[in-house]
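Peer 1: quick one, what's the 3D model for this:
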Amino acid sequence: MVLQTKIYFASDQHFGAPTAELSFSREQKFVAWLDEIKQDATALFLLGDLFDFWFEYKTVVPKGFVRVLGKLAELRDSGIPIYFFVGNHDLWMNNYFEKELNIPVFHDNQEYTFNGKTFLIGHGDGKGPGDKGYKRMKKVFTNPFSKWLFRWLHPDIGVKLAQYLSLKNKLISGDEDVKFLGEENEWLVQYAKRKLTFKHYNYFIFGHRHLPMQLKVGENSTYINLGDWIGYFTYGVFDGEKFELIEFKN
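Peer 2: Numbers count the residues shown, from 1 in each chain. Sure, this is the predicted structure:
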């Protein structure tokens with residue numbers, strides 16, 4: 001694939017947190033960014049946790065986020081491909097995006113090649129060594145029986161409960177700074193290095209950590225974390241030759 005313009009990447013917006021009112025200004029900023037990139041975007045990758053909570057009942061989805069969803073629909077209708085990777089906060093996403101917005105949804109990493117450069121792309125949760133407690137919890141949450149049980153809660157109860165539990169996450173409530181732990185303690189860095197023992201990738205692109213990072217993990221191989229849209233407002237762009245992390249200032 002020969003690029004004429006640019007591929008954009010963003011992750012961890014967590015819209016709806018800590019409240020719909022306080023999230024609104026961040027949503028407006030993200031919509032402004034989407035408006036800006038539509039001028040030269042070849043594709044857009046959203047790497048999860050767009051929402052702080054998302055659950056698709058058979059006939060109901062969480063209310064709100066109209067401007068964001070409308071802008072994504074506008075970009076997609078204009079012919080720009082959009083790819084969505086579920087995160088740990090919106091892992092209960094099914095086919096709403098696919099049916100309503102024509103946006104494919106992925107539940108695990110995917111491989112791509114652009115301009116001869118190979119990419120491994122995903123949200124990043126549950127990858128690499130450590131974090132065994134979360135990995136066990138993820139198995140519970142992604143179990144079809146667990147989703148079936150939750151579906152029986154009235155949305156007013158289920159959404160409120162999920163939002164409360166989500167805000168217990170200190171990264172979202174703002175009670176904890178995100179700090180670089182050193183390469184040996186960054187699980188996604190270790191994950192990338194291990195993947196390189198089996199296959200070469202030029203770029204590993206993930207979210208989840210909320211911390212913008214670009215680290216060499218091998219010869220001609222770079223691990224990138226996209227940061228977030230809570231404190232950093234960073235995004236990635238690949239122009240066919242190089243990948244950059246950029247802060248959106250508006």
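Peer 1: just the strands in this structure please.
Peer 2: Here the chain has its strands, by DSSP state E, at 6-10, 41-46, 82-85, 105-106, 110-114, 117-121, 203-206, 212-218, 221-226, 234-238, 243-247.
Peer 1: closest to residue 30 out of those strands?
Peer 2: Residue 30 lies closest, by C-beta to C-beta, to one member of the strands of the chain: strand 6-10, at 7.8 Å. Using the backbone N, CA and C atoms, a C-beta is placed for each residue, glycine as well.
Peer 1: one step back: export the strands of the chain to JSON lines and tack on mean neighbour count?
Peer 2: Below are the strands of the chain laid out as JSON lines (neighbours: other C-beta atoms under 10 Å):
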{"stretch": "strand 6-10", "mean neighbour count": "23"}
{"stretch": "strand 41-46", "mean neighbour count": "22"}
{"stretch": "strand 82-85", "mean neighbour count": "22"}
{"stretch": "strand 105-106", "mean neighbour count": "17"}
{"stretch": "strand 110-114", "mean neighbour count": "14"}
{"stretch": "strand 117-121", "mean neighbour count": "20"}
{"stretch": "strand 203-206", "mean neighbour count": "26"}
{"stretch": "strand 212-218", "mean neighbour count": "17"}
{"stretch": "strand 221-226", "mean neighbour count": "24"}
{"stretch": "strand 234-238", "mean neighbour count": "22"}
{"stretch": "strand 243-247", "mean neighbour count": "14"}
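Peer 1: could I get those strands as TSV with distance to residue 33 and mean pLDDT?
Peer 2: Formatted as TSV, these follow (distance: least, C-beta to C-beta, whole Å; pLDDT from 0 to 100):
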stretch	distance to residue 33	mean pLDDT
strand 6-10	8	97
strand 41-46	10	97
strand 82-85	14	97
strand 105-106	21	95
strand 110-114	21	96
strand 117-121	19	97
strand 203-206	17	98
strand 212-218	15	95
strand 221-226	13	97
strand 234-238	7	98
strand 243-247	10	97
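Peer 1: looking at these, which is closest to residue 35?
Peer 2: That would be strand 41-46 among these, by C-beta to C-beta, at 10.9 Å.
Peer 1: sorry, back to before: can you redo the strands of the chain as TSV with distance to residue 187?
Peer 2: What follows is the strands of the chain, written out as TSV (distance: least, C-beta to C-beta, whole Å):
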stretch	distance to residue 187
strand 6-10	20
strand 41-46	21
strand 82-85	17
strand 105-106	20
strand 110-114	20
strand 117-121	15
strand 203-206	10
strand 212-218	12
strand 221-226	11
strand 234-238	20
strand 243-247	20
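Peer 1: quick one: closest of those to residue 194.
Peer 2: Shortest distance between residue 194 and the strands of the chain, using C-beta to C-beta, is found for strand 212-218: 9.8 Å.
Peer 1: which strands border the closest one, and is each parallel or antiparallel?
Peer 2: Sheet pairing of strand 212-218 (DSSP bridges) gives strand 221-226 (antiparallel).
Peer 1: ok, and what's touching the strand it pairs with?
Peer 2: Contacts with strand 221-226, where a contact means C-beta atoms under 8 Å, 6 or more residues apart in numbering, come from 9-12, 47, 124, 188-189, 192, 196, 200-209, 211-217, 234-236, 243, 245.
Peer 1: which regions of the protein lie under the pLDDT threshold?
Peer 2: For the chain, the stretches with pLDDT under 70 are 1-4, 55, 60, 62, 128-177.
Peer 1: returning to what we had before: can you say which of the strands of the chain is nearest to residue 184?
Peer 2: Of all the strands of the chain, it is strand 212-218 that lies closest to residue 184, at 11.8 Å by C-beta to C-beta.
Peer 1: alpha carbons only: can I get that closest one in PDB?
Peer 2: C-alpha atoms of strand 212-218 as PDB (Å, rounded to 0.1, in the frame of the first residue of the first chain):
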ATOM      1  CA  PRO A 212       3.000   8.800  25.500                       C
ATOM      2  CA  MET A 213       6.100   6.700  24.700                       C
ATOM      3  CA  GLN A 214       8.400   5.900  21.800                       C
ATOM      4  CA  LEU A 215      11.100   3.300  22.600                       C
ATOM      5  CA  LYS A 216      13.400   1.300  20.400                       C
ATOM      6  CA  VAL A 217      12.800  -2.400  21.100                       C
ATOM      7  CA  GLY A 218      15.000  -3.900  18.400                       C
END
